[in-house]
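# For reference, the sequence and a predicted model appear below.
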Amino acid sequence: MSRVINPDSTGKQRTQFSKAIILSVRELARQKDVTDQTRDLAAFIAIALQIIADGIDVSVTAWEKRDYWVKADKFRMEWAWAGQIAEKMRASVLSEDWASVATLSAQVAQKLAKVQVSENHRLGKPWVGAYKELNAK
């Protein structure tokens with residue numbers, strides 16, 4: 001029997017969400033007033049960071065099975081910020097604390113500085129409707 005390859009792995013999902021977050025941060029920085037799009041952008045960043053944080057343990061499981069404990073712990077420490085900032089961003093968006101949202105989005109941009117998004121990306125606008133989704137949770 002052959003290996004089963006999952007084309008939608010958590011690593012690939014993490015990369016796609018990282019690129020989408022960078023796009024959202026760039027677009028959020030261009031916003032002059034608080035509009036529905038501003039709320040959607042900030043909410044999407046919070047949701048995407050939480051999805052990334054939830055996928056960390058799934059990614060590390062394979063390394064732990066092979067007793068690569070140091071590599072697994074290093075990876076967890078490298079991405080520990082995602083869950084923390086996601087929770088702060090969620091609280092800031094729901095309370096409409098836009099100064100805090102600006103500070104947190106700058107921190108996210110700094111953490112994901114190495115992520116490159118090409119001009120011809122096919123990500124679209126993944127943030128559309130994110131504020132309603134965040135309120136529903």
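Received it, and whenever you're ready, just let me know what you need.
# Now do the buried residues in stretch 96-111.
Using 16 or more other Cβ atoms under 10 Å as the test for burial, stretch 96-111 gives Trp98, Ser100, Val101, Leu104, Ser105, Val108, Ala109, Lys111. C-beta coordinates here come from the backbone N, C-alpha and C atoms, glycine included.
# can you check stretch 124-137 too?
Pro126, Trp127, Ala130, Tyr131, Leu134.
# that older thread, can you tell me which of the buried residues of stretch 96-111 is nearest Asp67?
Distance to Asp67 across the buried residues of stretch 96-111 (Cβ to Cβ) is lowest for Lys111, with 28.8 Å.
# In contact with the closest one, which residues are there?
Trp81, Ala82, Ile85 (Cβ atoms under 8 Å, 6 or more residues apart in numbering).
# now swap in Gln50 and tell me
So Gln50 contacts Ala82, Gly83, Ala86, Glu87, Arg90 (Cβ under 8 Å, 6+ apart).
# Can you report how many residues neighbour the last one?
Counted by other Cβ atoms under 10 Å, the residues lying close to Arg90 total 20.
# mind checking which helix or strand it is in?
Under the criterion of DSSP states H and E, Arg90 resides in helix 69-94.
# For that helix, enumerate the helices and strands it packs against.
Helices and strands touching helix 69-94, by 3 or more Cβ pairs under 8 Å, 6 or more residues apart in numbering; DSSP states H and E, are helix 36-65, helix 98-111, helix 130-136.
# how about 7 Å then?
Counting by 3 or more Cβ pairs under 7 Å, 6 or more residues apart in numbering; DSSP states H and E, the packing neighbours recorded for helix 69-94 are helix 36-65, helix 98-111.
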